[in-house]
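# return atomic coordinates for the entry below.
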Amino acid sequence: MILVVDMNFRRDSLGYCEFVLPIVYAVGGLDSVVVKHYPDLTTEDIEKSASIILSGTPLKDNATLNEPDRFSWLRNCKKPVMGICAGMQTIGLAFGADLKKCLGIGMTKIETLSPNPLFSSTFSAYALHNYSLGAPKDFDILAESDRCVEAIKLRHRDIFGVLFHPEVRNPEIIHRFTHEFGSTE
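This is a model prediction of the structure:
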C-alpha cells in the first residue's frame, strides 16, 4: 500500500483535487493507495505503508511549513518517502534545513546533478513554489534549476524530495518511486 499524505491546510480543499488526486492517478489508482490528511496521520498508517508520498500544496498554503514538529516522525522513518514541493520543504524543515525564497511558476529546466533512480539528464518540469531549501545538511542535492535546489535525497536512507510537480508533467517519476521503493500490489 502506498500512503499519500494530503499536505493541504484543510481536508477536502480544492488543493486535494489539484495536488493529491493526480498523485493517486500516477501511482495507479485508488486500489493501491490510502490517502490521509496530515493531521490525521497515525503511526499505524506509516507502519502499514510500503512507501509514503507527501503532496504539494497551493502557493499560499504554508500550513505544514508552520508545523515542522508534526513531521518529526520523518527523522526515524525507515519507509521510503518522496515529498513533492511543500512535501520536500517539510522534509527539509524536519531535518533542520532552512527555507530559501525562490519563486517558481511554470515550466522549468531541471538539471540532474547526481545519479538517482527517479530521473536523469536535463528535463522540463512544472514548478509552483515560493521556497526551496538552502544547502540541506545530511542531504545530497540531486537536481537544480537556474534558481534553486529542485531535488534532494537524505544520505543513507530513501527519503527524497522534489520541488517541482511530477504529478503535472512527469508522472513517470512518481511511478519509478513507487515501483522502486514499494510495491503497489
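
# what's near enough to touch the residue lying closest to Pro80 once chain neighbours are set aside?
Closest residue in space to Pro80, ignoring its immediate chain neighbours: Phe181 at 3.4 Å, by Cβ to Cβ, 6 or more residues apart in numbering. All C-beta spots, glycine's among them, are computed from the backbone N, C-alpha and C. By Cβ atoms under 8 Å, 6 or more residues apart in numbering, the residues touching Phe181 are 50-51, 80, 158.

# and for Met7?
With Cβ under 8 Å, 6+ apart, Met7 has these contacts: 19, 38, 54-57, 61, 63-64, 86-87, 90.

# and the longest helix for this structure?
The longest helix of the chain (DSSP state H) is helix 171-181.

# so which residues of the protein form helices?
Counting by DSSP H, the chain has helices at residues 14-15, 21-27, 43-48, 86-94, 166-169, 171-181.

# worst mean pLDDT among these?
When these are compared on mean pLDDT, helix 14-15 scores lowest, with a mean of 85.

# what's the single longest strand in the protein?
In terms of residue count, the longest strand belonging to the chain (DSSP state E) is strand 99-112.

# ok so, going back, how about JSON lines for the helices of the chain, with distance to Leu118 added?
Output for these, formatted as JSON lines (distance: least, Cβ to Cβ, whole Å):
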{"stretch": "helix 14-15", "distance to Leu118": "23"}
{"stretch": "helix 21-27", "distance to Leu118": "13"}
{"stretch": "helix 43-48", "distance to Leu118": "21"}
{"stretch": "helix 86-94", "distance to Leu118": "12"}
{"stretch": "helix 166-169", "distance to Leu118": "8"}
{"stretch": "helix 171-181", "distance to Leu118": "5"}
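
# just the ones you listed: most buried one?
Ranked by mean neighbour count under mean count of other Cβ atoms under 10 Å, those are led by helix 86-94, which reaches a mean of 27.

# quick check: angle from that helix to strand 99-112?
Computed by axes from the mean of the first three to the mean of the last three Cα atoms, to 10 degrees, the angle separating helix 86-94 from strand 99-112 equals 120 degrees.

# quick one on the thing from earlier: wait, which of the helices of the chain is closest to Arg147?
Checking the helices of the chain against Arg147 by Cβ to Cβ gives helix 86-94 as the closest, at 14.9 Å.

# report all helices and strands that that closest one contacts.
The contact analysis (3 or more Cβ pairs under 8 Å, 6 or more residues apart in numbering; DSSP states H and E) places helix 86-94 against strand 51-54, strand 81-84, strand 99-112, strand 122-133, strand 149-154, strand 159-162.
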